[in-house]
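**Student:** Would you be able to build a 3D model of this:
(one chain, ligands or ions: 2)
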Amino acid sequence: MPKLIFYGGVNEVGGNKVFLEDQDTRLYLDMGKSYSQRNRFFKEPFLTPRDQNDLLELGILDPLPDLFRMQAPGQVRPVDAVLLSHAHSDHADYISLIHPLIPVYLGEMSKVILDSVAATSFRTFENNWSENQFRLFQPGQHFTIGKLEVEPFPVDHAIPGSFAFILHTTAGPLVYTGDFRLHGPRADLCETFLQRAAELKPIALISEATNFCQPPLLVEEEIQGKLEGLFTASPGIVLISFWFRDFERYRTILQAAQTAGRKFVLSLKQAYFLRALERVPSSAQGASPISLEDPFLFAFVRRRGCVYGWELEMRDYLAKRGKIVSIDQIRANQSHYLFSLSDFDLPELLRLKPQPGSLYVRAMSEPFNGEMEEESDRQANWLDAFGLPSYFLHGSAHVLPHELRQAIARVQPKKLFLIHSEKPEAMARYLTGTAGEIVVPARGHPYEL
Ligand SMILES: [Zn+2]
Ligand SMILES: [Zn+2]
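**Tutor:** Ligands and ions are numbered 1, 2, ... in the order given. Modelled structure (predicted):
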């Protein structure tokens, strides 16, 4: 009988690591970093784990069977694969810890995003996947891992190249949603996935259940409209923050900037990310790429200058195309600019000197843990010091509870496993009646299918 063991994503948002064994085939669905576990002990940049043993000793990570570098090949038979749903850290980062001979299956877009993150981030043992062996799968094209047939379905989420999977086990189809939403701009992708899942009458569905309490309800179109209003009304500069990998949000903000006639100024890292995505063939794209040639897109150089090779390369690339704008230029013409302000870039306010009437928009999730709340308090001090009111505009990257209830009622799995949730028990109660049995898995406990 196929067996599932959940080593992450249990009573927590993210950190998914789901072990599946079916006869001779053994694999992991996702290999995420668990921020909730890790933040109990560590805080960047000074209090960080030294190596994988620290994570194991503190119980942040379980000794996952047949997966890690420390187990010498020959002593154990390594698992057949790690299958990644998408390139968010809480699903992908810990492929850095696995034995380099174990293949990592992922979509082309996820590979490009991981490469782009690796090229622009400080590497540690927790995000160094230079030795991993990657195997790319294509949307909608079946492939096999060991004896297991896998169907990958592109789904809509806040990062391009996200997938759900249907795995054809010896006991019947098993569905894994990864992270997804049904209210996003590519809801049509999820429709195809759900239709196929419903046809197959799966023996089990492993679903994310992130949203339970007051998720933000705006969709990208509404966010765009509200941004246009703010951009048009502000006589000064507009500052904006959003998740670095949320590609659809770049597009939403850019479209609002175009309508309002503001130049959208990115960090070099964001420009690098867009350029990396531009190179992905359109067949692997969920949506058309954003071109850095867009007349409204520009980038700035941080006040510390360019330190890394990729920064110099990106600066030169953009400078040649007249796409680097100086802080002096922005300061002199504030009403013409929309400036991407991450927390790292708060000191740029000292150079920008926002004029009265300027404002700030947070176009990303509200702080959801203690560390983020601390950062948010610090950010508020910066904004207050420059007389900048702040607005919050966001739509959820994850399926909403009522959408999830409808989706599960439609698929009617025999068993439903709820993961990637801080309130799986409450969600199980809300979803009662939609599946044969609803399971709130315990970490490390085996479940037979
Ligand atoms: Zn996630
Ligand atoms: Zn995600």
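**Student:** So which residues on the stretch 151-300 of the chain come close to ligand 1?
**Tutor:** Selection of the stretch 151-300 of the chain residues close to ligand 1 by CB under 5 Å from the ion yields residue 179. No exception for glycine: its C-beta is placed from N, CA and C like everyone else's.
**Student:** Contacts only, for the residue in the stretch 151-300 of the chain positioned nearest to ligand 1.
**Tutor:** Nearest to ligand 1 in the stretch 151-300 of the chain, going by CB to the ion, is residue 179, at a distance of 4.4 Å. Applying CB atoms under 8 Å, 6 or more residues apart in numbering, we find residue 179 in contact with 85-86, 88, 91, 157-158, 162, 208, 210, 397-398, 420.
**Student:** Got phi/psi on it?
**Tutor:** In terms of degrees, to the nearest 10, the main-chain angles of residue 179 are phi -100, psi 140.
**Student:** Now do it, the pLDDT please.
**Tutor:** pLDDT recorded at residue 179 is 97.
**Student:** do you know how far it is from residue 425?
**Tutor:** Using CB to CB, to the nearest Å, one obtains 20 Å as the distance from residue 179 to residue 425.
**Student:** out of the contacts of residue 179, which touch ligand 2?
**Tutor:** residue 88.
**Student:** Cross the contacts of residue 179 against helices and list the overlap.
**Tutor:** Using DSSP state H to define helices, the subset of these located there is residue 91.
**Student:** which one among the contacts of residue 179 gets closest to residue 201?
**Tutor:** Using CB to CB, residue 208 comes nearest to residue 201 of the contacts of residue 179, at 20.9 Å.
**Student:** show me what contacts the closest one?
**Tutor:** For residue 208, the contacting residues are 9, 177-180, 398-399, 419-421, by CB under 8 Å, 6+ apart.
**Student:** pLDDT (mean, whole number) over the longest helix along the chain?
**Tutor:** Longest helix in the chain, counting residues (DSSP H): helix 370-385. Taken as a whole, helix 370-385 has a mean pLDDT of 89.
**Student:** what distance separates it from the middle of the whole chain?
**Tutor:** With CA atoms, centre = their mean, to the nearest Å as the basis, helix 370-385 stands 23 Å off its chain's centre.
**Student:** Which positions in that helix come out as buried?
**Tutor:** 372, 379, 382-383 (16 or more other CB atoms under 10 Å).
**Student:** distance of residue 225 from ligand 2?
**Tutor:** 25 Å (CB to the ion, to the nearest Å).
**Student:** same thing with residue 415?
**Tutor:** Distance of residue 415 to ligand 2, computed by CB to the ion: 23 Å.
**Student:** Thought residue 449 was touching that residue, still the case?
**Tutor:** Yes. At 7.1 Å, residue 415 counts as touching residue 449 under the criterion of CB atoms under 8 Å.
**Student:** Identify the contacts common to these two.
**Tutor:** 203-204.
**Student:** ok, how many other residues are close to residue 289?
**Tutor:** When counting by other CB atoms under 10 Å, one arrives at 17 neighbours for residue 289.
**Student:** Pull the contacting residues for the closest residue to it other than its chain neighbours.
**Tutor:** Distance criterion CB to CB, 6 or more residues apart in numbering; nearest residue to residue 289, sequence neighbours excluded, is residue 278 at 4.5 Å. By CB under 8 Å, 6+ apart, the contact list for residue 278 reads 289-292.
**Student:** All the helices of the stretch 101-250 of the chain, in order from the start?
**Tutor:** Assigned by DSSP state H, counting those that start in this stretch, the helices in the stretch 101-250 of the chain fall at 108-120, 187-200, 220-233, 247-260.
**Student:** Turn those helices into a markdown table, including distance to residue 365 and mean neighbour count.
**Tutor:** Converted to a markdown table, the helices of the stretch 101-250 of the chain look like this (distance: least, CB to CB, whole Å; neighbours: other CB atoms under 10 Å):
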| stretch | distance to residue 365 | mean neighbour count |
| --- | --- | --- |
| helix 108-120 | 19 | 21 |
| helix 187-200 | 20 | 17 |
| helix 220-233 | 13 | 17 |
| helix 247-260 | 11 | 21 |
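**Student:** just so I know, which of those helices lies nearest residue 319?
**Tutor:** Residue 319 lies closest, by CB to CB, to one member of the helices of the stretch 101-250 of the chain: helix 108-120, at 17.9 Å.
**Student:** Can you tell me which helices and strands the closest one packs against?
**Tutor:** When contacts are defined as 3 or more CB pairs under 8 Å, 6 or more residues apart in numbering; DSSP states H and E, helix 108-120 sits against strand 133-137, helix 268-278.
**Student:** ok, and the closest non-adjacent residue to the residue nearest in space to the middle of the chain?
**Tutor:** Ranked by distance to the mean C-alpha position of the chain (CA atoms, centre = their mean), the top residue is residue 88 at 3.3 Å. Excluding the flanking residues, the one nearest residue 88 by CB to CB, 6+ apart is residue 159, at 5.7 Å.
**Student:** who wins for neighbours among the contacts of residue 179?
**Tutor:** Neighbour counts for the contacts of residue 179, by other CB under 10 Å, peak at residue 162, which reaches 31 neighbours.
**Student:** Check the spacing between it and residue 33 real quick.
**Tutor:** Distance from residue 162 to residue 33, by CB to CB: 17 Å.
**Student:** Tell me the residues of the chain that contact ligand 2?
**Tutor:** By CB under 5 Å from the ion, the part of the chain that sits against ligand 2 consists of 88, 179.
**Student:** So the chain: which segments form each domain?
**Tutor:** Following automatic domain parsing, one finds the domains of the chain at 3-213+397-448, 220-392.
**Student:** Pick the most deeply packed of those domains.
**Tutor:** For these, the largest average neighbour count (mean count of other CB atoms under 10 Å) is found in domain 3-213+397-448, namely a mean of 19.
**Student:** distance between the ends of that one?
**Tutor:** 5 Å (CA to CA, to the nearest Å).
**Student:** Quickly find the element holding residue 426.
**Tutor:** Assessed by DSSP states H and E, residue 426 sits inside helix 424-430.
**Student:** The helix or strand that comes right after that helix pairs with which strands, parallel or anti?
**Tutor:** Using DSSP H and E, the helix or strand that directly follows helix 424-430 along the chain is strand 437-439. Next to strand 437-439 in the sheet, as set by DSSP bridges, lie strand 415-419 (parallel).
**Student:** Give me the average confidence score over the partner strand.
**Tutor:** Mean per-residue pLDDT for strand 415-419: 98.
**Student:** Likewise for stretch 306-324?
**Tutor:** Averaging pLDDT along stretch 306-324 gives 96.
**Student:** Figure out how far it is from the centre of its chain.
**Tutor:** How far stretch 306-324 lies from its chain's middle: 26 Å, per CA atoms, centre = their mean.
**Student:** what's in contact with that stretch?
**Tutor:** Residues from elsewhere that reach stretch 306-324, judged by CB under 8 Å, 6+ apart: 119-120, 268, 271-272, 275, 292-293, 297-301.
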